[in-house]
Every structure is written in C-alpha cells, then in structure tokens.
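Undergrad: I would like the atomic coordinates for the input below:
(one chain, ligands or ions: 1)
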Amino acid sequence: MIVSGEAKLAGVMGWPVAHSLSPRLHGYWLEHYGIDGAYLPLAVRPGDVEAVLRLLPRMGFAGVNVTVPHKETALGAVDTVEAEARRIGAVNTVVVGPDGDLTGRNTDGFGFLENLRSALPKWMPDRGPAVVLGAGGAARAICAALVDGAAPEVRLVNRTPSRAEALAADVGGPITVVPWAERNAALDGAALLVNTTTLGMTGNPPLDQDLTDLPTDAVVTDIVYAPLQTTLLEAAAARGNPTVDGLGMLLHQARPGFAAWFGREPEVTAAMHAFVRQGLAE
Ligand code: ATR
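TA: As a prediction, the model looks like this:
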C-alpha cells in the first residue's frame with residue numbers, strides 16, 4: 001500500500017503497544033478498501049498521554065484508539081466525552097473534529113453486542129439473565145451494553161466485591177453482585193455467560209468454572225482471545241452450548257473508529273478474522 005502526502009492518519013496509543021493487533025486489523029481494512037491512509041502503533045508513556053492527544057490535530061491525525069493503560073487518562077484529556085464512555089469510565093476511541101477538538105468514545109460495548117449478533121443472528125440481550133465474570137474496564141462496557149439491551153438481570157461475579165459494587169452503582173440497571181465463591185450456582189437459568197477476567201489467557205491461571213448448572217442453550221463467550229479457544233469455550237462447546245470467541249469483539253469495536261477517521265464503514269468478514277488470527281500466531 002502506497003501512502004500519499006494526503007493520507008489520512010490514525011493509530012493506537014498504548015504502553016507497551018507492541019502486542020496490539022489494531023495496526024494489523026486497521027491495516028487489513030485500509031488495504032482491502034484501497035484507502036489512502038495509515039494506522040500506526042504509538043508507544044506513549046504514561047504521563048505523556050494528554051500532551052500527545054493535544055498534538056494529534058496539530059499533526060493532522062484524524063484520531064486514535066487508546067488502549068491499556070491509557071483509557072481512563074484519555075477520558076479526562078479530551079474536550080467532549082460521549083455519555084456511554086463517561087458511564088464506563090474509559091475512552092478507547094478519540095475522534096479529531098473539524099476545529100481540532102477531541103471527542104472520546106467507548107466502542108467496547110458495541111463490539112461485544114455486534115460480535116454476538118453476527119455470530120448468532122437470533123441472539124438478543126433480553127433473552128434471559130446474563131452472568132458476567134470480572135469487573136474491570138471490559139466488564140463495565142459489557143454490563144452497560146447488556147443493561148441498555150434490556151437484559152432482565154445481570155449477575156456480576158468478581159473476586160473483589162467492592163469493584164463489582166462500584167460497577168453496579170456507576171452503570172445502573174438490574175445488576176446484582178454475586179460473590180466469587182458462588183459463581184457456579186449463579187449459572188442456574190442463565191441465557192448468557194461472559195468471561196471478562198484475565199483467567200484462561202496465555203500465561204495466566206485457568207478459569208475454574210463448573211458449567212453443570214448452565215442451561216445447554218445458554219450462549220458462552222470469552223473476551224480472552226489468546227488462546228482463541230479458551231478452556232471455558234471448549235468445555236461449553238463440549239456440552240452443546242453455543243460459543244463465540246473473543247477476537248470478534250476486538251474486530252467489531254474497531255468499526256466506529258475506522259468509519260470516523262477514514263470515511264468508510266468497514267465490514268468484519270471471515271477472511272478478516274482469519275487474517276487477524278494469523279497475527280496472534282506470529
Ligand atoms: P480489564 O479492564 O481489561 O477488563 P482488569 O481491570 O485488569 O482488566 O480486570 C481483570 C479482571 O480479572 C478483574 O475482574 C479481576 O478481578 P479483581 O477485580 O478481583 O482484581 C479478574 N481477575 C484477575 N485475576 C484473577 C484471579 N486470579 N481470580 C479471580 N479474578 C481475577
């Protein structure tokens with residue numbers, strides 16, 4: 001892909017940023033749609049986030065994604081924070097406006113819902129109670145999306161109860177906090193189980209979750225995508241539950257940013273999923 005002097009510019013700010021799959025996935029779309037643009041990894045140290053964000057318009061950037069550990073800092077550094085990002089407490093997408101103003105958005109909840117909807121077209125959040133494991137930033141976005149999608153109940157299970165209580169208070173809606181020790185019994189009658197903890201990720205301890213009480217038609221999804229087939233997804237598939245892997249959430253959350261910066265609504269396809277998956281193996 002040749003980048004001209006008029007190329008549109010975007011990137012991902014993180015520290016470290018080398019592990020990020022975002023340059024690969026945005027690069028795929030730029031190439032696929034023949035767009036004159038570039039999406040770069042931006043290794044920005046904590047402490048420099050605000051200054052770098054402020055320089056974006058002055059360097060002609062259309063915007064950036066923001067990843068770990070900068071998502072909360074970015075929320076306080078932009079001019080306008082969209083309501084959903086404020087509720088979640090984190091910004092993952094920044095769009096530079098025509099006057100150089102910065103708008104912060106959070107597209108993780110959108111990515112979560114779109115991933116499930118595209119894998120299972122009949123799935124709706126209002127189908128029944130959801131069980132969410134974990135109460136970090138990703139869980140905040142997912143709980144907000146489920147509550148807004150009319151989930152009748154969200155059972156929020158976290159090792160540290162105070163984090164779950166804070167999430168429930170900030171997000172609002174029918175969220176009940178369940179002790180970590182009761183995570184197996186919490187599956188009774190659930191229509192959805194989501195793992196947002198880091199358990200099961202390569203290099204981390206496994207997630208010890210007994211699925212006996214989970215109805216076999218409940219959807220099981222994991223936001224961990226390294227490995228792609230976590231032991232949770234394997235165990236769920238083995239007993240007949242529909243499963244959805246976490247890589248799709250990463251791909252779908254990228255869509256609104258790409259559309260805003262590069263002016264084209266991109267599509268998540270099987271070919272794209274395979275291309276980004278290949279990046280996981282490298
Ligand atoms: P993110 O913001 O990306 O979702 P995070 O804030 O680091 O990530 O959250 C990680 C989640 O994994 C948290 O819910 C964490 O539980 P605590 O709030 O109790 O820390 C959960 N987690 C990590 N290691 C865990 C473990 N060994 N047992 C249970 N939960 C764990």
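
Undergrad: please verify my assumption that T212 contacts D188.
TA: No - in terms of C-beta atoms under 8 Å, T212 does not count as a neighbour of D188; the distance is 9.6 Å. No exception for glycine: its C-beta is placed from N, CA and C like everyone else's.

Undergrad: between the two, who's got more neighbours?
TA: More neighbours surround D188 than the other of T212 and D188, with 13 against 9 (other C-beta atoms under 10 Å).

Undergrad: quick one: that one and D213 touch, right?
TA: Yes - applying C-beta under 8 Å as the test, D188 and D213 come out as touching, 4.6 Å apart.

Undergrad: check what pLDDT the closest residue to the ligand within the stretch 51-200 of the chain gets.
TA: Checking the stretch 51-200 of the chain residue by residue against the ligand with C-beta to the nearest ligand atom singles out G136 as nearest, at 2.4 Å. Listed pLDDT for G136 reads 94.

Undergrad: backbone dihedrals for it, please?
TA: Reported as degrees, to the nearest 10, the phi and psi values for G136 are phi -80, psi -160.

Undergrad: how far away is it from D210?
TA: 23 Å (C-beta to C-beta, to the nearest Å).

Undergrad: and those two? Which one has more around it.
TA: For G136 against D210, the residue with the higher neighbour count under other C-beta under 10 Å is G136, and the figures read 15 against 11.

Undergrad: tell me how many other residues crowd the nearest residue to the more buried one once chain neighbours are set aside.
TA: Distance criterion C-beta to C-beta, 6 or more residues apart in numbering; nearest residue to G136, sequence neighbours excluded, is T196 at 6.4 Å. Using other C-beta under 10 Å, T196 is surrounded by 26 other residues.

Undergrad: which residues touch the residue nearest the centre of the chain?
TA: The centre of the chain sits closest to D108, judged by C-alpha atoms, centre = their mean, with a distance of 3.6 Å. Listed by C-beta atoms under 8 Å, 6 or more residues apart in numbering, the contact set of D108 reads I88, N92, G137, A138, A141, I142, M249, Q253.

Undergrad: pLDDT-wise, what's the bottom of the residues you listed?
TA: Confidence by pLDDT is poorest for G137 among the contacts of D108, given 92.

Undergrad: for the chain, what spans make up the helices?
TA: Assigned helices in the chain, in chain order: 22-33, 49-55, 71-77, 83-88, 108-119, 137-148, 161-171, 231-238, 247-253, 255-262, 270-281 (criterion: DSSP state H).

Undergrad: can I get the CA coordinates of the third one in PDB?
TA: This file holds the C-alpha atoms of helix 71-77, laid out as PDB (Å, rounded to 0.1, in the frame of the first residue of the first chain):
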ATOM      1  CA  LYS A  71      -8.100   4.500  28.700                       C
ATOM      2  CA  GLU A  72      -9.000   6.300  31.900                       C
ATOM      3  CA  THR A  73      -6.500   9.100  31.400                       C
ATOM      4  CA  ALA A  74      -7.900   9.800  27.900                       C
ATOM      5  CA  LEU A  75     -11.300  10.300  29.400                       C
ATOM      6  CA  GLY A  76     -10.000  13.300  31.400                       C
ATOM      7  CA  ALA A  77      -8.000  14.700  28.500                       C
END
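
Undergrad: now it: buried residues?
TA: Taking 16 or more other C-beta atoms under 10 Å as the neighbour-count basis, helix 71-77 is seen to contain the buried residues K71, T73, A74, L75, A77.

Undergrad: ok, now which ones touch L56?
TA: Going by C-beta under 8 Å, 6+ apart, L56 touches G63, V64, V94, V96, L102.

Undergrad: gap between it and M13?
TA: As defined by C-beta to C-beta, L56 lies at a distance of 9 Å from M13.
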